[in-house]
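**Q** Based on what follows, work out the 3D shape:
(2 chains)
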Amino acid sequence: MAEQSKVTFIITRQDGPDAAPYEETFEVPYRQNMNVISALMEIRKNPVNSKGEQTTPVMWDMNCLEEVCGACSMVINGTARQSCAALVDQLEQPIRLEPMSTFPIVRDLIVDRERMFDALKQVKAWIPIDGTYDLGPGPRMPENKRQWAYELSKCMTCGVCLEACPNVNDSSNFIGPAAISQARLFNAHPTGEMNASERLNGLMEDGGIDGCGNSQNCVQVCPKGIPLTTSIAAMNRATNIQAFKNFFGSDTAL
Amino acid sequence: MAEQREFFFRRLHSLLGVVPIGIFLVQHLFVNHFAVYGEEEFNKAAGFMAGLPFVLVIETLVIYLPILFHAVLGVYIVFTSRYSTRRYGFFRNWMFALQRFTGIYLVIFIAWHIWETRVQVGLGHADVDYSLMEGILSSTPMFIFYLLGVISAVFHFANGLWSFLVTWGITQTPKSQRVSTYFCLIVFLVVSYLGVRSLITFAYGV
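**A** The predicted structure follows:
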C-alpha cells in the first residue's frame, strides 16, 4: 500500500481509581495482522491523541499474549474479551476500548481482579497435599472424567464471565461463575474429592452459588468455551445434597 | 464455617415459587376456567374452594405467607441485578430480565387483586362470584391490567419452573436445559390459555 491508512481507537480512560472516566481518541497507523495490543503499544510509543495533543500513554494489563493468562481482558466494541486475541482486521471501526467496569479500575484499561482470587479462596480451589512425608501416588482418574475436567481447567480467571454476569456488580456479593466451575474441577479430581464438602460449604457461604440468576451470559462469552452453566447446575445439585447432609446429619457431612 | 443463611433463603425462594405458589396459580386458573361453561358452573367451583375447611388457615399457609416471602426477597433480587440485554442480547439474558420485570408487575397486580377480590370479600363488601369479576373486567383498563397480570404470572411461573430445574440441579446438560425450555414453553401456552380464556368470558360474556 502506497498510502498508510489509520485505525481509530476511542478509549475510555481514567487517571486513577477514584478519578472520573473520560474518552480519548487515537489514530494509529495500520499494519497488517495487528491486534488491539499492538495498537496500544503504538500509542505508548507516541502518546498523541487525534487532536494532535501530547497525552499520557494508555495503560493496560498484559502478560502471555496468546490468550492463556487472562490479564489483558477489556471491553472491545461492547464485548468483554482478551485484547491479545482481538484482531483489528476483524473489528468494526472505530474500535472502542473500555475497562471491565464490573471490577475496580486501577487506571485506564487496568482493572483489579482480586475478587476472583478471593472467590477461589472461598471455594478452596486447590488440592491440599502438603505434609511432612511423601504420600505416594494418588488415585487414578478415569479418562472420560479427565477429558471434561480438562475443559474446566482451561479457566484463566480472565473475568469476562463476571463482566457479562448481570448478578456480579456493586450491589451484590455474588461469587461469579468462574469460581463455581473451579470448585467442580477440584471436586472431580480423585484426590481433591477428599475435600469436596469443604468446597461445597464454601460455595454455600453468603455471596456464594445462590447468587446465580441463570441469565447464562457467562457460557456465551467465555473465551475458553468452558461449560460454565453445566458446572453451575452440577454444583447446585451438589450443594443442595450437601445442605441436606449438613442439616440432617450424616457421617459424610463434613 | 461462615454464614449460609442466604443460600437457605434463596433455595426456599426457588422452592416456594413452584410449591405451593406455582401449583396454586395453576389450580386458580383451572377453577377460573369454569366461567367459560357458564355463570352457574363458575359460582359452584368458586364456592367449593371458598367452602373448604380451615380455608383461612390454608390460604395463609399456602398462599399469603409464601407469596409474601417470595415477593419481598424477589424485589431485593430485582434491585441487585444489572440489566444488560442491550449488550448481551442472548435468549436467556432476556428471560432473566423478563423474569424480574414480570415479578415487579406481579407485586403490584397481586396486591391489587387481593385487595379487590379477597380483602373486600373478607370485610363483607363483596361476594366472590361471577358478577364480581364481570363488574371488574367490563372496564377496558382493568381488563388490560388483568390480562397483563395473568400473562405475567404464567410467564413468571413457567420461566421460574425452568430455573427451578437448574437451581435444584435437575437439568444440568445443555440438552436437558434446552428440552426443559420447550417443556416450560408448553406450560406457558396451556396455562395462559386457561387464564386468558376465562378473562374474556368475564369481560365479554363469550
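**Q** Not counting its neighbours along the chain, what's nearest B:Val191?
**A** Using C-beta to C-beta, 6 or more residues apart in numbering or on different chains and skipping the chain neighbours, the partner closest in space to B:Val191 is B:Val154 (4.7 Å). All C-beta spots, glycine's among them, are computed from the backbone N, C-alpha and C.
**Q** near chain B, which residues of the stretch 101-250 of chain A show up?
**A** By C-beta under 8 Å from any C-beta of the partner chain, the residues of the stretch 101-250 of chain A that approach chain B are A:164, A:166-167, A:169, A:171-172, A:201, A:204-217, A:220-221, A:227, A:229-230, A:232-240, A:243.
**Q** now those: which count as buried?
**A** A:164, A:166-167, A:169, A:172, A:201, A:204-205, A:207-217, A:220-221, A:227, A:229-230, A:232-240, A:243 (16 or more other C-beta atoms under 10 Å in any protein chain shown).
**Q** what's the helix or strand hosting A:Met41 in contact with?
**A** In this assignment (DSSP states H and E), A:Met41 forms part of helix A:36-45. The contact list for helix A:36-45, computed with C-beta atoms under 8 Å, 6 or more residues apart in numbering or on different chains, reads A:7, A:9, A:26, A:28-29, A:31, A:57-58, A:60, A:62, A:65, A:72, A:74, A:76, A:83-84, A:86, A:88, A:91, A:95, A:97, A:109.
**Q** mind showing which ranges of chain B have poor pLDDT?
**A** B:1-2 (pLDDT under 70).
**Q** just the strands in it please.
**A** For chain B, applying DSSP state E gives no strands.
**Q** interface residues of it facing chain A?
**A** Contacts of chain B with chain A, taken as C-beta under 8 Å from any C-beta, map to B:1-11, B:77, B:79-84, B:87-88, B:90, B:92-93, B:95-97, B:99, B:162-163, B:166-174, B:177.
**Q** residues contacting the closest residue to chain B within the stretch 1-150 of chain A?
**A** Nearest residue of the stretch 1-150 of chain A to chain B (C-beta to the nearest C-beta) works out as A:Gly78 at 5.5 Å. Listed by C-beta under 8 Å, 6+ apart, the contact set of A:Gly78 reads A:96, B:87.
**Q** switch to 7 Å and redo it
**A** Applying C-beta atoms under 7 Å, 6 or more residues apart in numbering or on different chains, we find A:Gly78 in contact with B:Arg87.
**Q** can you count the residues close to the residue nearest to B:Val191?
**A** When neighbours are defined as other C-beta atoms under 10 Å in any protein chain shown, B:Val154 has 25 of them.
**Q** so who does it touch?
**A** Going by C-beta under 7 Å, 6+ apart, B:Val154 touches B:188, B:191-192, B:195.
**Q** before we move on, the earlier item: is it possible to mark the buried ones in the contacts of helix A:36-45?
**A** Judged by 16+ other C-beta under 10 Å, buried ones among those: A:7, A:9, A:26, A:28, A:58, A:60, A:62, A:65, A:72, A:74, A:76, A:83-84, A:86, A:88, A:91, A:95, A:97, A:109.
**Q** pLDDT weak spots in the stretch 1-150 of chain A?
**A** For the stretch 1-150 of chain A, the stretches flagged by pLDDT under 70 are A:1-3.
**Q** what about the strands in it?
**A** In the stretch 1-150 of chain A, the strands defined using DSSP state E, counting those that start in this stretch lie at A:6-13, A:22-29, A:73-76, A:79-82, A:95-98, A:105-107, A:110-111.
**Q** Deepest in the core, which of the ones you listed is it.
**A** Mean neighbour count (mean count of other C-beta atoms under 10 Å in any protein chain shown) peaks for strand A:73-76 among these, with a mean of 24.
**Q** Next one: that one, is it in contact with chain B?
**A** No - Strand A:73-76 stays clear of chain B (C-beta under 7 Å from any C-beta of the partner chain), getting no nearer than 8.7 Å.
**Q** contacts for that strand?
**A** Contacts for strand A:73-76 (C-beta under 7 Å, 6+ apart): A:36, A:60, A:80-83, A:86, A:91, A:95, A:97-100, A:109, A:158-160, A:163.
**Q** ditto for stretch A:106-121
**A** Contacts of stretch A:106-121 (C-beta under 7 Å, 6+ apart): A:13-17, A:58-61, A:74, A:97, A:99-100, A:103-105, A:157, A:159, A:162, A:175-176, A:178-179, A:182.
**Q** Taking the residues you listed, please make a PyMOL selection of just the buried ones.
**A** Here is the PyMOL command that selects the buried residues among those (16+ other C-beta under 10 Å):
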select buried, chain A and resi 13+14+58+59+60+61+74+97+99+100+103+105+157+159+162+175+176+178+179+182
